[in-house]
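Peer 1: One predicted model, sequence on top.
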Amino acid sequence: MKCRRFFYTIAKSKHFERFIIVCIALNSLALAVIWFEQPSIVGSVTEIVQYVFTVIFTIEVIIKIIAYGKRYFIDPWHIFDILVVVGSIAG
């Protein structure tokens, strides 16, 4: 199927993988910036950044589910990714 092959090519791409790793690092950094009684602007910017990363990680999961099909759910790290994304969306 051409569609699945297209998404598989994206999912296995080194550029995609590196992009996701950079996003994970930046997301971690954004979470580390939060502190008690921070200025409201920091909270607002951090909240927007979290929404952006949630969208990026949701798209990553969707791409990989399309690419791998049922095999996606075999890898425990993929299950962890889904749980983190669902938790982020719920939060």
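Peer 2: Yes, it's here. Predicted model, so just to flag it, every value in this text is computed and none were measured.
Peer 1: Going by residue numbers, what spans are helices in this protein?
Peer 2: 2-11, 14-32, 40-68, 76-90 (DSSP state H).
Peer 1: Burial-wise, tell me which of those helices comes out on top.
Peer 2: helix 40-68 (a mean of 15; mean count of other Cβ atoms under 10 Å). Glycine gets a C-beta too; all of them are placed from N, C-alpha and C.
Peer 1: In a markdown table, list the helices of the chain along with mean pLDDT.
Peer 2: Listed next are these as a markdown table, based on pLDDT from 0 to 100:
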| stretch | mean pLDDT |
| --- | --- |
| helix 2-11 | 94 |
| helix 14-32 | 95 |
| helix 40-68 | 94 |
| helix 76-90 | 94 |
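Peer 1: Which residue lies nearest the spatial centre of this structure?
Peer 2: Nearest to the mean C-alpha position of the chain, counting by Cα atoms, centre = their mean, stands Phe57 at 1.8 Å.
Peer 1: tell me the contacts of that residue?
Peer 2: Residues in contact with Phe57, defined by Cβ atoms under 8 Å, 6 or more residues apart in numbering, are Ile20, Cys23, Asp81, Val84, Val85, Ser88.
Peer 1: rerun that using 7 Å as the cut-off
Peer 2: When contacts are counted by Cβ atoms under 7 Å, 6 or more residues apart in numbering, Phe57 touches Val85, Ser88.
Peer 1: go on, Phe6?
Peer 2: So Phe6 contacts nothing (Cβ under 7 Å, 6+ apart).
Peer 1: Ramachandran angles for Val33?
Peer 2: Per-residue torsions, Val33: phi -80, psi -20 (degrees, to the nearest 10).
Peer 1: Thr46 is in contact with that one, correct?
Peer 2: Yes. Judged on Cβ atoms under 7 Å, Val33 makes contact with Thr46 at a distance of 6.2 Å.
Peer 1: What is the end-to-end distance of stretch 28-41?
Peer 2: One end of stretch 28-41 sits 19 Å from the other (Cα to Cα, to the nearest Å).
Peer 1: Give me the contacts around that stretch.
Peer 2: Against stretch 28-41 from outside (Cβ under 7 Å, 6+ apart): Val42, Thr46, Val49, Gln50.
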